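Novice: what follows is a predicted structure for the sequence shown.
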Amino acid sequence: MDLEYFVLPGGVTLEETTDIGWEVLEDSRRKCWKTYDKVVFWFTSCIVSSSIFFLGVMLAPLVKSIVKLIG
C-alpha cells in the first residue's frame, strides 16, 4: 500500500497533511526566532547602555580632577 496516496477522512491525502504539518512547523520556528532576536537585541542594548552609564559615573571624578589640574 502506497502511503503517499492514502486518503484520510475528508478526502485529504497523507502527503497533503505532511505538507501542512511542515508549513505549521516552519511558521512557528520563524516566529520563535523573531522573538529570540528581539530578546537578544533588548538584552544586549540594555547591557551596553548600563555599562556606558556606569563607566561614565566612574570616570566623572577622574575627568573632574584632570580638568582641575589643567585649569
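Specialist: Great, that's in hand.

Novice: quick one: which helix or strand includes the most centrally placed residue in the chain?
Specialist: Closest to where the C-alpha atoms of the chain average out (C-alpha atoms, centre = their mean) is Asp37, at 1.6 Å. Assigned by DSSP states H and E, Asp37 belongs to helix 14-70.

Novice: helices and strands around that helix, which ones?
Specialist: strand 7-8 (3 or more C-beta pairs under 8 Å, 6 or more residues apart in numbering; DSSP states H and E). In short, each C-beta sits where N, CA and C put it, glycine included.

Novice: and Trp22, how far is that from Ser28?
Specialist: Trp22 sits 11 Å away from Ser28 when distances are taken as C-beta to C-beta, to the nearest Å.

Novice: can you read off the pLDDT for Trp33?
Specialist: Trp33 is assigned a pLDDT of 77 by the prediction.

Novice: residues near it, how many?
Specialist: 10 (other C-beta atoms under 10 Å).

Novice: distance-wise, check it relative to Glu26.
Specialist: The value you get for Trp33 to Glu26, if C-beta to C-beta is used, is 11 Å.

Novice: for Trp42, same thing?
Specialist: 25 Å.
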